[in-house]
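Asks: Turn this into a model:
(one chain, ligands or ions: 2)
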Amino acid sequence: MSDVETLPQAAPARPTLPPPMGLLAELTHRCSLRCPYCSNPLELDRRSQELSTAEWKRLIDEAAALGVLHIYFSGGEPMLRRDIAELVAHARDAGLYTNMITSGVGFQPAVLDAVAEAGLDHIQLSVQAIDARTCDRVAGYEGAAERKRIVAAAIARLGLRLTVNAVIHRENVHEIPAFVELAEAWDAARIEIAHVQYYGWGLVNRARLMPTRQQVETAMVQVDEARSRTVGRLVIDSVLPDYYARYPKACMGGWGARLMNVTPSGRALPCHAAETIAGLAFDNVREASLSEIWYRGAAFNAFRGTDWMKEPCRSCARKEQDFGGCRCQAMALAGDAAATDPACSLSPLHEKLVALAEAEAASERSDFIYRGYQGV
Ligand code: SF4
Ligand code: FES
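Replies: Ligands and ions are numbered 1, 2, ... in the order given. Below is the predicted model of the structure:
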């Protein structure tokens with residue numbers, strides 16, 4: 001008998017819903033960097049609130065039983081957790097494919113050796129810019145570029161499968177060919193060229209980060225050229241800044257469709273920014289099982305499927321393709337999470353959004369607003 005069948009009958013049932021493919025385990029919000037587009041919430045969880053080793057292990061077991069295939073250890077900086085190698089080993093033993101999403105900064109080299117020894121399958125290393133001074137300035141950390149170079153060398157020595165994460169904005173958008181060359185030099189299997197998404201701290205710094213339309217168009221051509229040049233050697237994933245796109249991205253592959261996100265203190269979210277949506281209540285894994293939350297949780301069911309949609313999404317032929325875009329962006333820009341994402345050219349707010357993006361992209365460069373981590 002499946003988990004779905006054994007759950008209470010009073011809650012809304014979705015018996016045909018597949019389990020999540022991935023679990024994003026945000027082990028901690030602690031981090032040495034202060035990236036001006038940080039996607040973590042404006043209000044961070046404190047160390048004293050973090051789930052314990054035993055709680056994460058129980059969660060990993062629940063995820064494996066539910067049918068999750070991949071676990072992404074994330075943060076903050078996940079390698080700041082003293083139990084990180086223990087958690088990687090536990091996830092491997094539970095049969096999960098283990099990924100680490102790291103800045104490469106703030107932990108001792110021995111930690112990387114330990115997670116490799118524990119069987120880590122894959123690592124994603126963020127790089128803020130090719131130019132070292134820009135990298136350090138964007139990261140808000142002197143020496144970040146040098147530290148990342150050292151960590152990349154250690155990753156190669158340990159034989160870990162590597163993805164380079166390049167977050168793109170107006171200060172580094174001209175470096176795309178160099179990012180691809182760096183990924184090749186580091187022997188990466190993949191590079192993710194992702195333009196900043198404007199939620200959380202990214203929204204605070206949007207005017208400082210927004211590239212021009214011309215820069216974005218050039219970047220798209222450069223990505224295509226790089227793909228042709230590196231075919232069979234390097235996978236290049238690219239995420240556009242959707243303010244300039246015709247249609248929005250299918251954020252999270254659909255709400256509550258593929259991924260679960262668990263915050264350091266145990267709140268289970270359908271996406272990392274879901275807490276920006278007013279009125280949603282989130283279950284905590286300390287009080288309910290992952291299975292219960294995935295199938296019955298109110299937040300996970302809030303925007304599943306297409307019944308919740310308003311016009312123009314409701315009668316749009318693309319509604320099963322992009323699911324109306326991003327709920328968090330709709331909340332941030334339209335004040336209504338059920339509205340059509342204003343990044344969509346069919347949204348009544350789209351023209352205003354494009355005009356705003358163009359004005360911000362043309363504005364004078366000014367210093368980033370960095371987040372502080374005092375007390376976290
Ligand atoms: Fe997607 Fe809605 Fe735009 Fe149609 S109207 S393309 S479903 S966001
Ligand atoms: Fe939350 Fe897109 S970031 S739905």
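
Asks: What is the burial count for Leu17?
Replies: The criterion is other CB atoms under 10 Å. On that basis, Leu17 has 16 neighbouring residues. Backbone N, C-alpha and C define where each C-beta goes, glycine included.

Asks: do you know how far it is from ligand 1?
Replies: Leu17 is 21 Å from ligand 1, where distance means CB to the nearest ligand atom, to the nearest Å.

Asks: Not including adjacent chain positions, what is the nearest residue to that residue?
Replies: Excluding its sequence neighbours, the residue lying closest to Leu17 (CB to CB, 6 or more residues apart in numbering) is Tyr295, at 6.5 Å.

Asks: For the closest residue to Leu42 other than its chain neighbours, list the residues it contacts.
Replies: Beyond its immediate neighbours in the sequence, the residue positioned closest to Leu42 (CB to CB, 6+ apart) is Gly200, lying 6.2 Å away. By CB atoms under 8 Å, 6 or more residues apart in numbering, the residues touching Gly200 are Cys38, Ser39, Asn40, Pro41, Leu42, Ala273, Thr276.

Asks: Out of the residues you listed, who's the most crowded?
Replies: Among the contacts of Gly200, where neighbours are counted by other CB under 10 Å, the top count belongs to Ala273, at 25 neighbours.

Asks: Make sure Phe73 is indeed in a strand.
Replies: Yes. The assignment for Phe73 is a strand, going by DSSP: H, G, I helix; E, B strand; the rest coil.

Asks: Double-check Ala152 against Trp186; I have them as touching.
Replies: Yes. Contact between Ala152 and Trp186 holds when scored by CB atoms under 8 Å: they sit 4.6 Å apart.

Asks: And these two? Which one has more around it.
Replies: Ala152 (22 against 19).

Asks: what's the one helix or strand the more buried one maps to in contact with?
Replies: Mapping Ala152 onto the secondary structure by DSSP states H and E places it in helix 144-158. The list of residues contacting helix 144-158 from outside it, by CB under 8 Å, 6+ apart, reads 33, 102-105, 109, 112-113, 116, 123, 125-129, 132-133, 135-136, 162, 186-187.

Asks: roughly how far apart are Cys135 and Leu24?
Replies: The spacing between Cys135 and Leu24, counted by CB to CB, to the nearest Å, is 25 Å.

Asks: Let me see the contact set for the closest residue to ligand 1 within the stretch 101-250 of the chain.
Replies: With CB to the nearest ligand atom as the measure, the residue in the stretch 101-250 of the chain that lies nearest ligand 1 is Tyr247; the distance is 4.7 Å. Shown here is Tyr247, whose contacts under the criterion CB under 8 Å, 6+ apart are Arg318, Asp322, Gly325, Ala343, Cys344, Ser345.

Asks: can you pull the contacts of the fifth one?
Replies: This means Cys344. Contacts of Cys344 were listed using CB under 8 Å, 6+ apart, and they are Arg246, Tyr247, Pro248, Asp322, Gly324, Gly325, His350.

Asks: what secondary structure does it sit in?
Replies: Here Cys344 takes the coil state, with states given by three-state DSSP.

Asks: so where do the helices sit in the stretch 51-200 of the chain?
Replies: With DSSP state H, counting those that start in this stretch as the definition, the stretch 51-200 of the chain shows helices at residue ranges 53-66, 84-93, 109-117, 132-139, 144-158, 176-185, 200-204.
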